[in-house]
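Student: Just a sequence and a predicted model for now, questions to come.
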Amino acid sequence: MAVERVLLVGATGNIGVSAAIACLRTKREVLAIVRNQDSADKFFKHVGTKEGITVVKADVTTEDGVQGVVDKVKAGALPSFQHVYACVGVWIGTPLHKLSTEDFRRLMRLGFDANYFAYRATVPYLLEQNHPNSTWTCCTGAADISGYAGLTGATQGALVAMLAAAVLENERTNIRVNEAYLMVRVEVDSDAEAHGVMTASEYAKVYAKILEKKDIDGCKVIVRGPEDLKELRFEKKLPQQAIKHHQN
Ligand SMILES: NC(=O)c1ccc[n+]([C@@H]2O[C@H](COP(=O)([O-])OP(=O)(O)OC[C@H]3O[C@@H](n4cnc5c(N)ncnc54)[C@H](OP(=O)(O)O)[C@@H]3O)[C@@H](O)[C@H]2O)c1
């Protein structure tokens, strides 16, 4: 059977590295979007290998960044993919009233727009391919309800709403849309060990399960701490009522 591949948008960050580790562990390959060679080198170092990984340069914050990658895949210049993990965004604790307009726009572009543009560019491709086990996953967290992460929380809140629509819109398609809801800090292994937080390698168990378990479909996969890595905690993202209403 042909090997499956995951397109990683936000590949070179903590969550992207974790997702790449999950892909390789489950014998999948990776198509990673990077913004420059330094990021690519950092990515390979943290993942620990270059094997099974193709990198492509693009600016994911622009409306046609990920679209350009999809166009190259369609033209056969890059390998095909059946899964997408979008995890673009940065932690920003600056008090809201101290953000310049420029910073505000930059951070919204990173934390929300880039993930939306990734969705808009990749979903038509996944639908067209009609692979029976396609997935589309995005990482969110509790910053939108805790209030302690400034504008990062606002981008996460927007992603939560976007993913609700994405779950509903793909309820009957070949794509399993899921939200990876992360309530603890995850960092690439060397940083995590220094800071005493969850490692990307440990958190990779979650994405590996999302890829493998077909019943994780339209779900919010919740990690509150190490205990949720032993037995995966997931629940339907939408009330059944909303789905029924959509179907009628
Ligand atoms: N880590 C956690 O514990 C955690 C918890 C809950 C939710 N989340 C969410 O998960 C997402 C990713 O978090 P993370 O910890 O992986 O973040 P991160 O390590 O800071 O990485 C973010 C990604 O965004 C890219 N990026 C940053 N600035 C960019 C720019 N100007 N242009 C293009 N790309 C840029 C980075 O590329 P470079 O490598 O090139 O800089 C990297 O690929 C965020 O939305 C965050 O809110 C994370």
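Tutor: Yes, it's here. Quantities reported herein were computed from a predicted structural model and do not represent experimental measurements. Numbers count the residues shown, from 1 in each chain.
Student: what residue ranges in this protein are flagged as low confidence?
Tutor: Counting by pLDDT under 70, the ranges of the chain that qualify are 1, 241-245, 247-248.
Student: Can you pull out the residues in contact with stretch 40-59?
Tutor: Applying CB atoms under 8 Å, 6 or more residues apart in numbering, the external contacts of stretch 40-59 come out as 11-12, 16-17, 20-21, 23-24, 28-36, 65-66, 68-69, 72, 78-79, 188-190, 200. For every residue, glycine as well, the C-beta is placed using N, CA and C.
Student: Could you list the contact residues of the chain toward the ligand?
Tutor: By CB under 6 Å from any ligand atom, the part of the chain that sits against the ligand consists of 10-16, 35, 39, 60-61, 87-90, 110-111, 139, 141, 152, 156, 182, 185-186.
Student: Which of the residues you listed fall within helices?
Tutor: Among the residues of the chain next to the ligand, the ones falling in helices (DSSP state H) are 14, 15, 16, 39, 152, 156.
Student: quick one: stretch 93-101 to chain centroid distance?
Tutor: The chain centroid and the centroid of stretch 93-101 are separated by 25 Å, computed with CA atoms, centre = their mean, to the nearest Å.
Student: And the helices in this structure, which stretches?
Tutor: Taking DSSP H to define them, one finds helices in the chain at 14-25, 37-47, 65-74, 101-108, 114-129, 143-146, 150-169, 189-195, 200-212, 227-230, 240-247.
Student: Tell me the buried residues within the contacts of stretch 40-59.
Tutor: Using 16 or more other CB atoms under 10 Å as the burial test, the contacts of stretch 40-59 include 11-12, 16-17, 20-21, 23-24, 28-34, 65-66, 68-69, 78, 188-189, 200 as buried.
Student: So what does the nearest residue to residue 15 once chain neighbours are set aside look like in phi/psi?
Tutor: Taking CB to CB, 6 or more residues apart in numbering, and ignoring the residues beside it in sequence, residue 15 has residue 87 as its nearest neighbour in space, at 3.9 Å. Torsion angles at residue 87 (phi, psi; degrees, to the nearest 10) stand at phi -150, psi 50.
Student: Would you agree residue 87 is in contact with residue 12?
Tutor: No: with contact defined as CB atoms under 8 Å, residue 87 does not count as touching residue 12 (10.0 Å).
Student: related to what we said a few turns ago, now, of the helices of the chain, which is deepest in the fold?
Tutor: Burial of the helices of the chain is given as mean neighbour count (mean count of other CB atoms under 10 Å); helix 14-25 ranks first at a mean of 27.
Student: and it, what other elements does it pack with?
Tutor: strand 5-9, strand 29-34, helix 37-47, strand 83-86, strand 186-187, helix 200-212 (3 or more CB pairs under 8 Å, 6 or more residues apart in numbering; DSSP states H and E).
Student: which residues are in contact with the last one?
Tutor: Taking contacts as CB under 8 Å, 6+ apart, the residues outside helix 200-212 that touch it are 4, 6, 14-15, 17-19, 21-23, 25-26, 28, 46, 83, 85, 135, 137, 176, 178, 180, 182, 186-189, 192, 216, 221, 223, 226, 228-229, 232.
Student: Go ahead and confirm residue 117 touches residue 69.
Tutor: No: the pair residue 117 / residue 69 is not scored as a contact, 10.9 Å apart, by CB under 8 Å.
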